[in-house]
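*Asks:* Dropping the sequence and predicted coords here.
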Amino acid sequence: MKEAVAGSVAVLRPVADRDWEEVRAGRLEWSCRTTAFHLTESFVGYSSRLAGGVVDGRLPLRLGLVDGTDNHGLLDVVEATAALLAATLRATPPRVRAFHAQPFGSADRAGFAAMAVAEVLLHTHDVAEGLGIRYRPAEELAESVLTWIFPHVQPGPAAWPTLLWATGRGELPGRAPVTDWRWYNNLVIPAERLDLVGIRPAEARDLRLGGDGGFEWIEGGPYEGTRDAAGFLLKAYEGGVHRPEFGVFALVRREDGRAIGGMGFHSAPDEEGRVEIGYDLTEAARGNGYATEAVRALADWALARDDVRSLFATVDAANTPSQAVVTRAGFTKVSEDEEGMAFELRAR
């Protein structure tokens, strides 16, 4: 966040004496001045929602500049409101979520941080393009935005051109122009005692490399199956076929915020609306009904969709506890062979 804003101001401050109001910002309908002011609105809006725990919509808040504020003063406000957001992000616990419409209705502090960095990079680009000056942020910043809130976008040869293409601001060889776009915060599915927290590509990469993915795990976690699932998610992301709503979830215990296992889909539904699920728990969390509870929550969410007609799970023949989990969750055994048993749950 700090690096993104510093880079933006360093580019825009030398041209702050020019007229920003009469110049359109790149491909936007806004002027360069309106676009720069939008950064302050985003920072204050994100800060107030997180600090106030706003979950049901935007606050009825309007921000304005004192009459006569020049572009240098506007950039001062950009820096100050960015510092306000950075302080709010540092003070916000990881599990706190606040309203953001796209696309699942909320975001955590990591999501708001990524959105803020995206606002800075993209709108600095817009203003710079309108004023005819050069701007190119660090690749690491663009890549972080892509791996946190653009999980549906296949990585390109370089992160910054890929981000510009993904937001309708540029072209990439071999890819069709983008005319309608959105970013994705991670999906959270609530269960009785747990939250199924969507794992983003950045977190999946860390898990696959042996890290904790940003989650606080109970003893023995994450289990190897969760790391394997994170690897499959990462492979799908890199191949451009990842659908974030049909990814992998960390099972986070609500009472203490600690992750106890992983659960998710092997892929998006096929043409017949069938989708396979898998799950694991750390050994210390087993025997408490958590897996059954989580499977039920995931199944209820999936079968409420129009594109899912049935779920199935394959369980090793010797894994009787896992067989009991899917049976308690309402699945019915439909086949058995040397590979194991197949269980299915169909929409009513």
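*Replies:* Ah, there it is.

*Asks:* C-alpha only now, for contacts and for neighbours.
*Replies:* Fine.

*Asks:* chain center to the host helix or strand of L163, what's the gap?
*Replies:* Assigned by DSSP states H and E, L163 belongs to helix 159-166. Helix 159-166 sits 17 Å away from the centroid of its parent chain (Cα atoms, centre = their mean, to the nearest Å).

*Asks:* what does stretch 180-198 give?
*Replies:* With Cα atoms, centre = their mean, you get 8 Å for stretch 180-198.

*Asks:* And for stretch 221-233?
*Replies:* 18 Å.

*Asks:* buried ones in that stretch?
*Replies:* Residues of stretch 221-233 classed as buried under the neighbour-count rule (16 or more other Cα atoms under 10 Å) are G221, P222, Y223, E224, G225, T226, R227, A229, A230, G231, F232, L233.

*Asks:* quick one: least confident helix or strand in the chain?
*Replies:* strand 332-337 (a mean of 92; mean pLDDT, DSSP states H and E).

*Asks:* Identify the residues contacting that one?
*Replies:* Residues outside strand 332-337 that contact it (Cα atoms under 8 Å, 6 or more residues apart in numbering) are V326, M341, A342, F343, E344, L345.

*Asks:* Would you mind giving those as CSV with secondary structure, distance to L172 and neighbour count added?
*Replies:* Listed next are the contacts of strand 332-337 as CSV, based on DSSP: H, G, I helix; E, B strand; the rest coil; distance: Cα to Cα, whole Å; neighbours: other Cα atoms under 10 Å:
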residue, secondary structure, distance to L172, neighbour count
V326, helix, 45, 23
M341, strand, 45, 18
A342, strand, 43, 19
F343, strand, 43, 21
E344, strand, 42, 20
L345, strand, 42, 21
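
*Asks:* on that earlier part again, what does whichever helix or strand comes after the helix holding L163 rub up against?
*Replies:* Downstream of helix 159-166, the first helix or strand assigned by DSSP H and E is strand 188-190. Contact with strand 188-190 is made by D195, L196, V197, G198, A297, L298, W301, as judged by Cα under 8 Å, 6+ apart.

*Asks:* Highest neighbour count among those residues?
*Replies:* Using other Cα atoms under 10 Å as the neighbour criterion, L196 leads these with 25 neighbours.

*Asks:* Where does that residue fall, secondary structure wise?
*Replies:* Going by DSSP H and E, L196 is in strand 194-198.

*Asks:* Show me where the stretch 201-348 of the chain dips below the pLDDT cut-off.
*Replies:* Applying pLDDT under 70 to the stretch 201-348 of the chain flags no residue at all.

*Asks:* buried sites along stretch 311-321?
*Replies:* Going by neighbour count (16+ other Cα under 10 Å), the buried part of stretch 311-321 is L311, F312, A313, T314, V315.

*Asks:* could I get those as a markdown table with distance to D270 and secondary structure?
*Replies:* Putting those into a markdown table (distance: Cα to Cα, whole Å; DSSP: H, G, I helix; E, B strand; the rest coil) gives the following:
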| residue | distance to D270 | secondary structure |
| --- | --- | --- |
| L311 | 11 | strand |
| F312 | 12 | strand |
| A313 | 15 | strand |
| T314 | 16 | strand |
| V315 | 20 | strand |
